[in-house]
Every structure is written in structure tokens, then in C-alpha cells.
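*Asks:* Sharing a model that was predicted from the sequence below.
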Amino acid sequence: MRWALVKVCLAVTTMVVVAFAVPLGLVIKEMARDRAFSNAEREAAVVVPALSITTERDQLERVVAAAGSDDGMAVHIPASDGRAAVDLGRQRAAAADVAAVRDLGRVSTTEVPGGSALLQPVALSFGTVVIEVYVPESEVSNGVATAWAVLAAVGVALVVGSVAVADRLGVRMVRPARRLVEGAHELGEGKLGARVPEDGPKELRLAAVAFNAMADQVVQLLANERELAADLSHRLRTPLTVLRLNAASLGDSPAAEQTRAAVAQLEREVDTIIRTAREAKPQTAAAGPGAGCDAAEVVRERMAFWSALAEDEGRKVRVAGVDRPVRIPVARADLAAALDALLGNVFRHTPEGTAFAVDVHNAEDAVIMLVSDAGPGIPDPEAAMARGRGSGSAGSTGLGLDIVRRLAESTGGDVRVGSSVLGGAEVRIWIQLDGRAGQGPVRRGHRGAVRRRRPGRPASPFNRTRSLP
């Protein structure tokens, strides 16, 4: 593309220079010729008054010498009244040309050796006198060579300048295109961080913007795919917990030991899947129109499941705020997965017999869900919120709280971890009922950062939770 632009510009500029420089050079040449013959006519006009006064040879020679030079001018006086014809000065024009001018009675030019001759007829009472003025070739072409040289220099400068400009423009167009090609190759080779600068001509800028958006979408799709694999695997932790608890009550028989070993192996495989797929960007797409569920119904359903396990382990359970429907803009399966993750953490990280509670509070613009327990608590809430880091204990993948956080942020809400009135940990889930309207896209900082309440959000009416350190 670059050399094509240079060639086109070179051809166009050359044609323009030729179209203007050649006619202009010819005009200059003609002007120089006209100037030379105009000077010759003025010299001839000086002799005309003297011819009307006298035809004496001596006097005319002095007039010719004063007008120019005896070598550059000649006067041809015809014969009359018995006087012979007189020729003054050096004659260069042929006698036939002089006779023709005398007969025609008008100015004429003729070619002579070394230049041209101007023949000026002057009608007198005794006949027609012809004044011959010699115009050298050097005077006819005086300044023409210099003018042509200047025109040639200007033409060359225009061609060189246009080629330089075309080359710069070509570089400006080709460089973004090459970067776009390199970025496409890098992305095709699996370098997901490949991006191209959004500069250059408008069309290439739009192409770069589209390429970067496509690359971001590819990265997001791959991240969401890995994240989905991690989340689906994490959801298997709930039935695995049930199997592990049931296997613990089977006794010490060989079949029981085999069952417990199989459950442990399955938990390790699930953990491997989760840890392999944990490097993913959170999915922040908001729920579509009409999506949602009854949070109270989901809580009742999941608590009915977990209550059986709690009874086996001697845990006291309290549920509040689920006696009436509570609609939230969250899919039923996602809310169930989030609750299972939180309650599974209670069973996994607190001793048997530890009480826990689930509270649902319906405010004007948000629904607040509290999952609290009487266990040892969470010593580092910020680290617990970091995706993929876990608590450091065996079997912890660190994705449970991240699933809950993404669910809340998909509605414009957030999650906080603190201390509960029961003495253990409390996870507060703020689910915004109006989604992201009026707030713009949720800006997510470093994973694990505890989100602060936005300005304008009503303070939580549940002040029993102490502030985080």
C-alpha cells in the first residue's frame, strides 16, 4: 500500500508539472523573442526621422552609429532621380528579402547567419527605404535557459516533496495495518493480552477498536468458560459434603472405609478442577428482564435440606424473614448455589454443634441476606473474599465467597464479611432490587477488597454487625 501511494503520487505530480512547466517555458521563450525584436524596432525608429530630413551618406552613417552600431544596423536607400542606390552598414539579409519588404511595405523578419534580421520599411517621397536591424540568437534566447532551469528545479522539488508526503501518509496508513495484522497473529497464537493502539486513519482506528473489543470478548468468553467450570465443580461440594457426613456414620467396616476413601478421592478431583479453572475473570452481566426468583422460597428449600444435616450434627438453626415472598433479580439456581456455598462453609469450617442462622430482610430498594454462625469466625475477611485463595485449610478452594460476591454484584449490590452477634462469622449479601440503574457499571477493584457502601444508599437497619477492621 505504501509504495502504491508513492507511485500514484509520483505519476500525478509529474503529469501536473509537465502540464504546467512546458507551456510556461514556451511562453517565456516567446516573450524573450518578442522583447528582442521590440528593442530592434526601437533602434530602427531612431533612424526614421533622420531619413525624412536627409539622405546624405555621411550624415546617415553618423545617425546609424548613434542609434546602435554600424555592425548591427544597415540602411538600404533605393535609387532615384539619377542617383544610385545606397547601402549603409553591414547587410546580412538577402537582397530578395529586402526587395520583398520594400514592395510589401510592412515589417518583416528573416533568418540570417547567427540570428535574425528585422526589416523595417520607411516610405519617403523618393521611394521606400528599408532599415535592417540585426538581432543575434543570444539576444533572442536571453534568460530562457535560466527560466527553464528554474522551472525544472521547481518541478523536481514538487515531485520530491509529493513523494515524501505520500511516503509519510503511506507509513501512517501501513503502520496501524501492520500492527493490526501482528495483533491478529498474536491472538491466533494464544496470546490473549494482544491489543493494538487505536490510532491512524479513521477506518483503521475503527478496525483497531473492533479488534480490541473482539479480543476482550474472547478473553471474557474464555474466562467465563473457565469460571463456569469452576463454579459447577464447586456446586458439587454440597452433595460431597452430604456423602462425607453420611460416610462418617457408616462405622468401621471395610465397605465404609472404601466409601470414605472414594468420597475423599472425589473431593480431591473436584478441588483439582476448581483450582485449574480458578484463573478467570468474574462474569458481571446483569440478569435479563424478567429474570429473578422468590428468595424466601429458595431459602426455605435449601434450609430444609441443610437442616437434616444440622440435626445429625446437633446444630441449632434459626431462619427469619422467609414467611412472605421476597422477589430478587437473581436466577433461582444462582441463589441456591450461593446459599449452598455459604452453608457448606459453615459445616466445613465450624465444629459440630455450632449454631447458625439465615435472615432475610426486605428493604425498599434492596434485599439483605445474613448468614451467621457461632463458630471461630473469619480472621482475615479481605483474604477470604479473594477469589481462588481460600482459607488455607484442606479442601478449601476459595471460590465459595467469590460466587456469592459475583451474584450480589450482578445486581449492583455487594458482600461484606464481619462478626455476627452469635460470636462467629457473618456474611451480609446486599442484593440491589433496581439492578444497575443510575449507578453505571460496577467498578471492581482488586479481588478480595471489601466493598464500601455507596453514597446515597440507605444505611443498613441491622446494626448488630460490628464494623470490619
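*Replies:* All right, it came through fine.
*Asks:* From Ser372, how far off is the closest residue to Glu426 other than its chain neighbours?
*Replies:* Leaving aside its sequence neighbours, Glu426 sits nearest to Ser420 (CB to CB, 6 or more residues apart in numbering; 3.4 Å). C-beta here means a position set from N, CA and C on the backbone, and glycine is covered the same way. As judged by CB to CB, to the nearest Å, Ser420 and Ser372 stand 3 Å apart.
*Asks:* Now do the shared contacts for those two.
*Replies:* Shared contacts of Ser420 and Ser372, defined by CB atoms under 8 Å, 6 or more residues apart in numbering, are found at 357, 426.
*Asks:* before we move on, the earlier item: so for the residue nearest to Glu426, what's the pLDDT?
*Replies:* What the model reports for Ser420 is a pLDDT of 88.
*Asks:* any idea how far Arg416 is from Gly292?
*Replies:* Look at Gly292 and Arg416: by CB to CB, they are 23 Å apart.
*Asks:* Looking at these two, which is more packed in?
*Replies:* Just comparing Gly292 and Arg416: by other CB atoms under 10 Å the higher neighbour count belongs to Arg416, 21 against 17.
*Asks:* does the more buried one count as helix, strand or coil?
*Replies:* strand (DSSP: H, G, I helix; E, B strand; the rest coil).
*Asks:* Apart from its neighbours in sequence, what residue is nearest it?
*Replies:* In this structure, Arg416 finds its nearest non-sequential neighbour in Arg428, 4.7 Å apart by CB to CB, 6+ apart.
*Asks:* isn't the one you found right next to Gly413, touching?
*Replies:* No. Using CB atoms under 8 Å, Arg428 makes no contact with Gly413, being 10.0 Å away.
*Asks:* ok, those two, which is more surrounded?
*Replies:* With neighbours defined as other CB under 10 Å, Arg428 and Gly413 compare such that Gly413 has more, 26 against 21.
*Asks:* Quick one: residues contacting the more buried one.
*Replies:* Going by CB under 8 Å, 6+ apart, Gly413 touches 366, 429-432.
*Asks:* Distance check, it against Glu111.
*Replies:* 104 Å.
*Asks:* what do you get for Arg260?
*Replies:* Using CB to CB, Arg260 is found at 125 Å from Glu111.
*Asks:* and if you look at Leu339?
*Replies:* For Leu339 relative to Glu111 (CB to CB), the value is 114 Å.
*Asks:* which one of the two has more residues nearby?
*Replies:* Using other CB under 10 Å as the criterion, Leu339 and Glu111 rank with Leu339 on top: 25 against 13.
*Asks:* Val133 should be in a helix, yeah?
*Replies:* No. Applying three-state DSSP, one finds Val133 to be strand, outside a helix.
*Asks:* Just list the residues touching it, thanks.
*Replies:* Val133 sits in contact with 40-41, 43-44, 68, 72-73, 117-118, 120, where contact means CB under 8 Å, 6+ apart.
*Asks:* And Ser420 and Ser372? Which one has more around it.
*Replies:* Neighbour comparison, Ser420 and Ser372: the larger count goes to Ser372, with 26 against 22 (by other CB under 10 Å).
*Asks:* Check which helices and strands the helix or strand where the more buried one lies sits against.
*Replies:* Element membership for Ser372 (DSSP states H and E) is strand 366-373. When contacts are defined as 3 or more CB pairs under 8 Å, 6 or more residues apart in numbering; DSSP states H and E, strand 366-373 packs onto helix 295-313, helix 332-349, strand 356-362, strand 425-432.
*Asks:* Most tightly packed of the ones you listed?
*Replies:* Neighbour counts (mean count of other CB atoms under 10 Å) averaged over each of those peak at strand 425-432, with a mean of 25.
*Asks:* who does that one pair up with?
*Replies:* Taking DSSP bridges as the criterion, strand 425-432 pairs within the sheet with strand 366-373 (antiparallel), strand 414-419 (antiparallel).
*Asks:* Between those, which one is closest to Met31.
*Replies:* When those are compared for distance to Met31 using CB to CB, the nearest one is strand 414-419, at 87.1 Å.
*Asks:* residues in contact with the nearest residue to Glu132 once chain neighbours are set aside?
*Replies:* Distances taken as CB to CB, 6+ apart place Ala74 nearest to Glu132, at 4.2 Å, with adjacent residues excluded. Listed by CB under 8 Å, 6+ apart, the contact partners of Ala74 are 64, 87-93, 131-132, 134.
*Asks:* Could you check how far the residue nearest to Arg416 is from Ala333?
*Replies:* In this view, Arg428 and Ala333 are 22 Å apart by CB to CB.
*Asks:* and what of Ser162?
*Replies:* 67 Å.
*Asks:* and the closest residue in space to Gly89 that isn't next to it in sequence, helix, strand or coil?
*Replies:* In space, Gly89 comes closest to Ala74 once its chain neighbours are excluded; the distance is 3.5 Å by CB to CB, 6+ apart. Secondary structure, three-state DSSP: Ala74 is strand.
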